[in-house]
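>>> Return atomic coordinates for the entry below.
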Amino acid sequence: MLDIPFPSPTEVAVVDTDLTEIKPIERRADTIMMFTSLEGQHAVITESQSKPDDRKTAAWAHYISHVHVKFGCPVTLLVICQDEATATWAALPKTIGLPDRPTLSVHAVVVGPHNIPVIDDLAEAVNDVVLTMFSALTHARSKEVAAILEVLADALDTTDTTSAGHIAEQTEIGLGNTDARRIWRDLMATKTYRYQSEYAQMLRAEGEAKGEAKVLLMILDGRGVVIPDEVRRRITTCADTTVLETWCKRAIHATSLTDIFGTDDEQPEQG
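Numbering: from 1, shown residues only. Okay, here's the model as predicted:
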């Protein structure tokens, strides 16, 4: 009657109308930010996408509808891509419904190396730290990314600490599983910036603990102390630098593990 093409059904069944999720499916966006202006609130969902994935249609539709219902405000989906092919895919409308008559369409705002410039000049980075962050995220797989991250880290030190801390963490999240993420983590762990968040301080402490553990193992190996795998694992996973420093001091004159760890309570578990 409506002249809408529809596949001829081989079976028709009525399903439960209760859409409450009894068994929740984990849905987690990369970042959701709420912007408030004189016109009201506007939510921006940020997603980092490393390759085309048509399964994202359902996930993104869920994110958008959930945020819209929860906060009752307009929602924008921002997709960050690290290559032009993925950016081209992400920019296409994602539809749910009949091919010629979609019920729902998702239109993302897409940024990638094709429309975000490389910013590796400190003065330019200081002038626009947010654009510099997007430059780092979109060029994460390029050879210029190390220089971008260096100027971003320094530029963030010129803005207010709260905003800089948020941008620093957003950068780490947006870089995904790339070598650039390790470069950024090293910057946050080895350098001191006034904006460094608890996350960055944790990374620095984590790096110090790993360094202490490495020194301890070198001392033990040098003194010919046999280190069972279980003990080696306990040492390398210890995050308390004070404990590791104590063990290092004892290891200088140790001839056995007992000389280092003392009582059974102090000694790393073996098994």
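>>> pLDDT weak spots in the protein?
Applying pLDDT under 70 to the chain flags residues 1-2, 4, 6, 9, 12-28, 191-208, 262-271.
>>> Domain ranges for it, per the record?
Per automatic domain parsing, the domain ranges recorded for the chain read 31-111, 122-196, 207-261.
>>> which residues of the stretch 1-150 of the chain fall in helices?
Using DSSP state H, counting those that start in this stretch, the helices found in the stretch 1-150 of the chain span residues 56-71, 84-91, 122-127, 129-138, 145-156.
>>> Go through the domains of the chain and pick out the most buried.
domain 122-196 (a mean of 18; mean count of other CB atoms under 10 Å). Every residue, glycine included, has its C-beta placed from N, CA and C.
>>> So what's the gap between that one and the chain middle?
When C-alpha coordinates are averaged (CA atoms, centre = their mean, to the nearest Å), domain 122-196 and its chain have centres 13 Å apart.
>>> Also stretch 216-231?
Distance of stretch 216-231 from the chain centroid (CA atoms, centre = their mean) equals 35 Å.
>>> can you give me the end-to-end distance of that stretch?
Start-to-end span of stretch 216-231 (CA to CA, to the nearest Å) is 12 Å.
>>> Could you export the helices of the stretch 1-150 of the chain as a markdown table, including distance to Ile116?
Shown next, in a markdown table, are the helices of the stretch 1-150 of the chain (distance: least, CB to CB, whole Å):
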| stretch | distance to Ile116 |
| --- | --- |
| helix 56-71 | 21 |
| helix 84-91 | 10 |
| helix 122-127 | 13 |
| helix 129-138 | 4 |
| helix 145-156 | 10 |
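>>> Do you have the strands of the protein handy? List them.
Remark: strands assigned in the chain by DSSP state E are 31-37, 40-49, 75-81, 94-98, 101-106, 109-111.
>>> which strands and helices sit next to the second one?
Okay, so that is strand 40-49. strand 31-37, helix 56-71, strand 75-81, helix 161-174 (3 or more CB pairs under 8 Å, 6 or more residues apart in numbering; DSSP states H and E).
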